[in-house]
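J.: coordinates only, sequence not included:
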């Protein structure tokens, strides 16, 4: 198979020139004509600070917020994957009851604004039906090693219940999108696979586990990875319930230091450095799958 040679048309060069010209003009307006007192030298201290008691540099507000964002995205992604798989199996079930349950959940989550879902889950479901207050009381008198482990891999005991609430909130609405991705993967498998498995005497559960899901997941790995990137970006929404992730820390720093542009440029760069490697990995995965299936 010969590789397609890429060529650039004059229109491509013209559009690139327009984009760079617009970017240069905006940069000029920001630097030269914006009445703003720049303070780039003072923003870097909010990444790391020197702790005199420990005698070393430690993470400061923005880095701590970035780590919280990573933990939020990771744990919410795992829960959303489990919930999405369950809802996808319900949507493709032979039972009308489970199909209605799956479709109702998915349509409800997909047609409500994420901010409304956050408030609904955080202030009603989590607080009234499944409260996490007992977790704080259980960890408040824990051993120092346990507290250090929780602080490093989850959240400080004082904010543990709020963190878990945010994880559940993100997983609730992200699982609806993941469910549709998995459902599309299940339905993309040829019907003959089901018939062949039935002829061999396999149950529906055995067919899904051994034949359908392995083939379906192969097809949906790129969109699943893309949805995980969306989850990382969507995690900024939980700042409205005072979860100290990256966006929340940026908002607090902006209010206290008045370094508005510096703070948000740095926050933007940190989000980009977090999501861009994931995008590159997805592109590599798609090319690898394309070569394998060719």
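T.: Now that the structure is in, tell me what you want to look at. Predicted model, so just to flag it, every value in this text is computed and none were measured. Residues are numbered from 1 along each chain as shown.
J.: how about residue 210, what does it touch?
T.: The contact partners of residue 210, by CB atoms under 8 Å, 6 or more residues apart in numbering, come to residue 202. Backbone N, C-alpha and C define where each C-beta goes, glycine included.
J.: Quick check: it vs residue 196, distance?
T.: 12 Å (CB to CB, to the nearest Å).
J.: How about residue 169?
T.: 42 Å.
J.: neighbour-wise, which of these two wins?
T.: Neighbours were counted for residue 169 and for residue 196 using other CB atoms under 10 Å; residue 169 has more, 26 against 13.
J.: Work out for me the element that one sits within.
T.: Element membership for residue 169 (DSSP states H and E) is helix 160-188.
J.: Check what contacts the following helix or strand past that helix and list those residues.
T.: Remark: after helix 160-188, the chain's next helix or strand is helix 191-199, criterion DSSP H and E. Identification of contacts with helix 191-199 by CB under 8 Å, 6+ apart yields 206, 207, 211, 212, 215.
J.: Check the offset of the next helix or strand after helix 191-199 from the chain's centre.
T.: Remark: after helix 191-199, the chain's next helix or strand is helix 204-207, criterion DSSP H and E. The chain centroid and the centroid of helix 204-207 are separated by 31 Å under CA atoms, centre = their mean, to the nearest Å.
J.: Name the next helix or strand following helix 204-207 along the chain.
T.: With secondary structure assigned by DSSP H and E, helix 204-207 is succeeded by helix 213-234.
J.: Give the rounded mean pLDDT of the next helix or strand after that following helix.
T.: Proceeding N to C from helix 213-234, the next assigned helix or strand is helix 246-257, under DSSP H and E. Across helix 246-257, the average pLDDT comes to 91.
J.: got the contact list for helix 246-257?
T.: Contact with helix 246-257 is made by 42, 46, 61-62, 64-66, 68-69, 236, 239, 242, 259-260, 263-264, 266-267, 270-271, as judged by CB under 8 Å, 6+ apart.
J.: Give me the distance from it to the chain's centre.
T.: Chain-centre distance of helix 246-257: 21 Å, with CA atoms, centre = their mean.
J.: ok and that helix relative to helix 213-234, angle-wise?
T.: Calculated by axes from the mean of the first three to the mean of the last three CA atoms, to 10 degrees, helix 246-257 forms an angle of 10 degrees with helix 213-234.
J.: Flag every buried residue along helix 246-257.
T.: Residues of helix 246-257 classed as buried: 246, 247, 248, 249, 250, 251, 252, 253, 254 (neighbour count, 16 or more other CB atoms under 10 Å).
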